[in-house]
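> Could you look at this predicted model? Sequence included:
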Amino acid sequence: MLEGWGNQFLEAINAKIPVCLFEYDVYKQDIGPLGFETISLGSKIKEKDEFGLVHVSNDVIKEASKKMILFLQDSKFREETVEKNYKIGLEKLSLKALGNYIEPLLESFSE
């Protein structure tokens, strides 16, 4: 997987970095269902502050913190997780995968 198409999540997967994220719409609809392992901050906004920054519930923060500590302390878990994510990225979201998606479309135009 050489390219993340400008999507920060995909760039992190390509760099084999654990990902902590707020589940934005494109992630929820197109990326998350592919089976990536992340540290989730959920997708529900508790509130926005006067600076426009969003806040999530303390329960969500506590759960995300537990998983973040696991990533920081367990190098085997971290390595297995980033490798799993990288393989999913190669299979589903790489330039080769893009070619596999586009090729049938191009062939249908030439018929």
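Arrived safely. Residues are numbered from 1 along each chain as shown.
> Okay, strands next: where are they in this protein?
Using DSSP state E, the strands found in the chain span residues 20-21, 39-40, 47-48, 54-55.
> Please identify which of those is closest to Ser94.
Closest to Ser94 of the strands of the chain, according to C-beta to C-beta: strand 20-21, at 20.2 Å. All C-beta atoms are positioned from the backbone trio N, CA, C, and that covers glycine.
> And Gln29, how close does it get to Leu41?
Distance of Gln29 to Leu41, given as C-beta to C-beta, to the nearest Å: 17 Å.
> Would you mind telling me which of those two has more residues around it?
Leu41 (17 against 10; other C-beta atoms under 10 Å).
> returning to that earlier point: the strands of the chain into a markdown table, with extra columns for mean neighbour count and distance to Glu80?
Putting these into a markdown table (neighbours: other C-beta atoms under 10 Å; distance: least, C-beta to C-beta, whole Å) gives the following:
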| stretch | mean neighbour count | distance to Glu80 |
| --- | --- | --- |
| strand 20-21 | 17 | 17 |
| strand 39-40 | 18 | 15 |
| strand 47-48 | 10 | 36 |
| strand 54-55 | 12 | 31 |
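> tell me, what residue is most central in this protein?
Nearest to the mean C-alpha position of the chain, by C-alpha atoms, centre = their mean, lies Phe9 at 4.6 Å.
> Tell me who's in contact with that residue.
Phe9 makes contacts with Val19, Leu21, Tyr27, Ile31, as judged by C-beta atoms under 8 Å, 6 or more residues apart in numbering.
> What about these, which are in helices?
Among the contacts of Phe9, no residue falls in helices (DSSP state H).
> Of those, which is the nearest to Ala64?
The closest of these to Ala64 turns out to be Leu21 (C-beta to C-beta; 9.6 Å).
> surely the closest one meets Leu41?
Yes - if you go by C-beta atoms under 8 Å, Leu21 and Leu41 touch, sitting 6.4 Å apart.
> longest helix in this structure, by residue count?
Every helix in the chain considered (DSSP H), the longest is helix 75-93.
> Name the residues of that one that are buried.
Across helix 75-93, burial judged by 16 or more other C-beta atoms under 10 Å covers Arg78, Thr81, Val82, Asn85, Tyr86, Ile88, Gly89, Leu90, Lys92, Leu93.
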